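Participant: Fold the following for me, if possible:
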Amino acid sequence: MVFYAYVKNVSSNSTYRYVIVFASRAVADEWWRAVSTSSVVKFTESIRRINAQYYTHDVGQANAADTLTTAGVATQFLGKVFFTLQYDLGGRVLSIIPSPEHFTDHISGNSFFIRSKVSPYQYWYCPLQGTKAVYVSSTERTRFRVSRNGSGTAGTIMIGSDEIAITLTTVSQSINVVPESGQVIVSNAPKSGLKFSDFLGKFAAGLPLYKEGKSLGRSELFYTEDGEEWELA
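Facilitator: Okay, here's the model as predicted:
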């Protein structure tokens, strides 16, 4: 699904206002990573991300629309992003962009619930009492902290290629995987090589669990090549 954002000129209230159309929300975050880490200093100093759908730029330094055509900034997104210049203030016309009904900004170091994209009432759950297993539950949920690996990454926007750690917020335990079975557990050491894009298809719920013929309302969570899509909430 396409994703939209505004860009406002900080040096004028009437000119160089844009609507950006991204091929997807993921492309929007990847474009911002490219822009914010560019070696072309005038762009990193000009463009600011206020939130996922609102940016500012100082046109006196660099125009955000030029990120797609300036070498070393974000030319790799030329076929995935476009800018539409809005009427100047005197025109009194502004395109109203749609806002997602449910939206969570993927900020490194924040805590989230993790739920199924297809069945949003199914959440990751880690009881910690007598087990290290992580479950998928329709009645209980656990908050996890998701962070990019490396120093100085807190507060940045996570993208699919980032290696991450998923940790509990209450105790020093991280998501890991039993190699033989693929079962997801918590341990003192995080799983190495885990990527943010793994939420799009590397985790899957197992069969429902029963005890004495009664459903426990949960399933074990597995790390697999044929998983389903999960989202942060």
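Participant: so where's the longest helix in this structure?
Facilitator: The longest helix of the chain (DSSP state H) is helix 25-36.
Participant: for it, packing partners?
Facilitator: strand 3-9, strand 18-22, helix 41-46, strand 81-85 (3 or more C-beta pairs under 8 Å, 6 or more residues apart in numbering; DSSP states H and E). (C-beta placed from N, C-alpha, C; glycine too.)
Participant: out of these, which comes closest to Ala71?
Facilitator: Closest to Ala71 of the helices and strands packed on helix 25-36 is helix 41-46 (C-beta to C-beta; 11.3 Å).
Participant: Next secondary structure element downstream of that closest one?
Facilitator: strand 48-51 (DSSP states H and E).
Participant: what's across from the nearest residue to Phe82 once chain neighbours are set aside in the sheet?
Facilitator: Once flanking residues are discounted, Phe82 sits nearest to Val21: 5.4 Å by C-beta to C-beta, 6 or more residues apart in numbering. Counting by DSSP bridges, Val21 forms beta bridges with Tyr4, Phe82.
Participant: is it true that Val21 touches Lys80?
Facilitator: No - under the criterion of C-beta atoms under 8 Å, Val21 makes no contact with Lys80, lying 9.5 Å away.
Participant: For stretch 134-154, buried residues please.
Facilitator: Applying a neighbour-count criterion of 16 or more other C-beta atoms under 10 Å, one finds 134-138, 141-142, 144-148 buried in stretch 134-154.
Participant: Sketch out the low-pLDDT regions of the chain for me.
Facilitator: 90-93 (pLDDT under 70).
Participant: please redo it, this time with the cut-off set to 80
Facilitator: Low-confidence segments of the chain (pLDDT under 80): 88-95, 101.
Participant: quick one on the thing from earlier: buried residues in the longest helix of the chain, which are they?
Facilitator: 25-35.
Participant: Does the nearest residue to Trp230 once chain neighbours are set aside fall in a helix, a strand, or a coil region?
Facilitator: Distances taken as C-beta to C-beta, 6+ apart put Phe199 closest to Trp230, at 4.6 Å, once the chain neighbours are dropped. Secondary structure assignment for Phe199 (DSSP: H, G, I helix; E, B strand; the rest coil): helix.
Participant: how near is Phe83 to Pro120?
Facilitator: For Phe83, the distance to Pro120 equals 33 Å [C-beta to C-beta, to the nearest Å].
Participant: the more surrounded of those two?
Facilitator: Phe83 (17 against 11; other C-beta atoms under 10 Å).
Participant: Tell me the spatial nearest neighbour of that one, not counting adjacent residues.
Facilitator: Ala65 (4.0 Å).
Participant: again with Ala64
Facilitator: His57 (4.2 Å).
Participant: Dig out what that neighbour forms beta bridges with.
Facilitator: Using DSSP bridges, the bridge partners assigned to His57 are Asn9.
Participant: Now do the contacts for it.
Facilitator: The contact partners of His57, taken as C-beta atoms under 8 Å, 6 or more residues apart in numbering, are 7-10, 16, 46-48, 63-64.
Participant: Just the buried ones among the residues you listed, please.
Facilitator: For the contacts of His57, buried by 16+ other C-beta under 10 Å: 7-9, 16, 46-48, 63-64.
Participant: For those residues, could you give me TSV that also reports distance to Thr224?
Facilitator: Shown next, in TSV, are the buried ones among the contacts of His57 (distance: C-beta to C-beta, whole Å):
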residue	distance to Thr224
Val7	40
Lys8	44
Asn9	48
Tyr16	48
Ser46	44
Ile47	39
Arg48	40
Asn63	45
Ala64	40
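Participant: Many thanks, I have nothing further to ask.
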